[in-house]
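Trainee: sequence plus the predicted model coming up.
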Amino acid sequence: MQTTLTMPHRRTTGLQTRASMPETPPRHDARCLTDGGKSAEIDLDGKTYLLRITRQGKLILTK
């Protein structure tokens, strides 16, 4: 099963600009990305990457 995640874009309001706003990266639970499994495919700019969770609980991202 392939799941596509869509994240909302941040918007500025008033006189704030992107440069003046604190940048906190979005946080995702790796087990949700893998749908409870051990791996997930991630697409970026037409390329597919494989995210794997090891037995030791570490992440490996390969092309």
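Mentor: On my side now, so go ahead.
Trainee: only C-alpha atoms from now on, for both contacts and neighbour counts.
Mentor: OK.
Trainee: helices of the protein, residue ranges please.
Mentor: Residue ranges of the helices in the chain, as given by DSSP state H, are 30-33.
Trainee: where does it dip in pLDDT?
Mentor: 1-21 (pLDDT under 70).
Trainee: contact partners for the residue nearest to K63 when sequence neighbours are not counted?
Mentor: The spatially closest residue to K63, leaving aside those adjacent along the chain, is Y49, at 4.5 Å (CA to CA, 6 or more residues apart in numbering). With contacts taken as CA atoms under 8 Å, 6 or more residues apart in numbering, Y49 has the following neighbours: 41-43, 61-63.
Trainee: partner residues bridging Y49?
Mentor: Legend: beta-bridge partners of Y49 under DSSP bridges are I42.
Trainee: got it, and the one 4 residues further on?
Mentor: Here I53 sits in beta bridges with L59, going by DSSP bridges.
Trainee: state the distance from Q56 to K38.
Mentor: Applying CA to CA, to the nearest Å, one obtains 12 Å for the distance of Q56 from K38.
Trainee: the more surrounded of those two?
Mentor: Between Q56 and K38, K38 has the larger neighbour count (other CA atoms under 10 Å), namely 16 against 6.
Trainee: quickly note the distance from that one to L51.
Mentor: In this structure, K38 lies at 8 Å from L51, with CA to CA as the measure.
Trainee: what's the answer for R31, then?
Mentor: As it turns out, when the distance is counted by CA to CA, R31 lies 11 Å from L51.
Trainee: so for those two, which sits in the more crowded spot?
Mentor: Using other CA under 10 Å as the criterion, R31 and L51 rank with L51 on top: 19 against 14.
Trainee: can you name the residues that contact that one?
Mentor: By CA under 8 Å, 6+ apart, the contact list for L51 reads 39-42, 59-62.
Trainee: try 10 Å this time
Mentor: Counting by CA atoms under 10 Å, 6 or more residues apart in numbering, L51 makes contact with 30, 33-34, 38-42, 59-63.
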